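K.L.:
Sharing a model prediction with you, sequence too.
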Amino acid sequence: MAKQFTLGKKERLKSRKQIEHLFSEGKNFPLPPFRIYYWVTAVAAKSASNLQFGAGVPGKNFKRAVDRNRIKRLTREAYRLQKNQLQEALTGKNLQLNIFFIYTSKGLAEFNIVKEKVNVILNKLTKIVDEINSPNP
């Protein structure tokens, strides 16, 4: 069966409560041009997906909504195409991961650059998930 490259409604981080908790309790790391916030928890019974994603661009850096929307679109597309590796790391481990990408650069980026950076970020998050679940010797 072919891999599905989708980013459905249940995979998007939309709950204000979850987003606030992610920023207050979650961890973060910078990887220019992004700052990534993530929060790993045990899977809740009512949870629809074990991996939820959000993206944001500050209006302070980009005054025009067209530019902000373009960057969010590029980020979502790069994430959508590469998230399967991280999703496979989470399946069967009874963990939920919420991720939020904030674009911090002041200039517009091309898709190839965004895709490379998202790939590095997802690899780092995969390692973090593996370290959380593996028993310490």
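P.N.:
Nice, I can see it.
K.L.:
sec struct for Ala89, please.
P.N.:
Assigned with DSSP: H, G, I helix; E, B strand; the rest coil, Ala89 falls in the helix class.
K.L.:
how close does it sit to Ala78?
P.N.:
18 Å (CB to CB, to the nearest Å). Where C-beta positions appear, they are placed from N, C-alpha and C, glycine not excepted.
K.L.:
Name the residue in these two with the higher neighbour count.
P.N.:
Each of Ala89 and Ala78 has its neighbours counted (other CB atoms under 10 Å); Ala78 has more, 23 against 20.
K.L.:
what does the one helix or strand the more buried one maps to rub up against?
P.N.:
If you go by DSSP states H and E, Ala78 is part of helix 65-82. Residues outside helix 65-82 that contact it (CB atoms under 8 Å, 6 or more residues apart in numbering): 5-7, 34, 53, 55-57, 59, 62, 101, 103, 108-109, 111, 114-115, 117-119, 122.
K.L.:
Tell me the buried residues within these.
P.N.:
Taking 16 or more other CB atoms under 10 Å as the criterion, what is buried in the contacts of helix 65-82 is 34, 53, 55-57, 62, 101, 103, 109, 114-115, 117-118, 122.
K.L.:
Among those, name the least confidently predicted one.
P.N.:
Across the buried ones among the contacts of helix 65-82, the smallest pLDDT goes to Ala109, namely 92.
K.L.:
tell me the contacts of that residue?
P.N.:
33, 71, 74, 103 are the contacts of Ala109 under CB under 8 Å, 6+ apart.
K.L.:
Could you find which two of the residues you listed are furthest from each other?
P.N.:
Distance extremes for the contacts of Ala109: the farthest pair is Pro33 and Leu74 at 10.9 Å, using CB to CB.
K.L.:
what do these two both touch?
P.N.:
109, 114.
K.L.:
And the strands in this protein, which stretches?
P.N.:
With strands called from DSSP state E, the chain shows them at 27-31, 34-42, 51-56, 95-103.
K.L.:
Could you look over those and pick the most buried one?
P.N.:
Per residue and on average, the most neighbours among these fall to strand 95-103, with a mean of 22 (mean count of other CB atoms under 10 Å).
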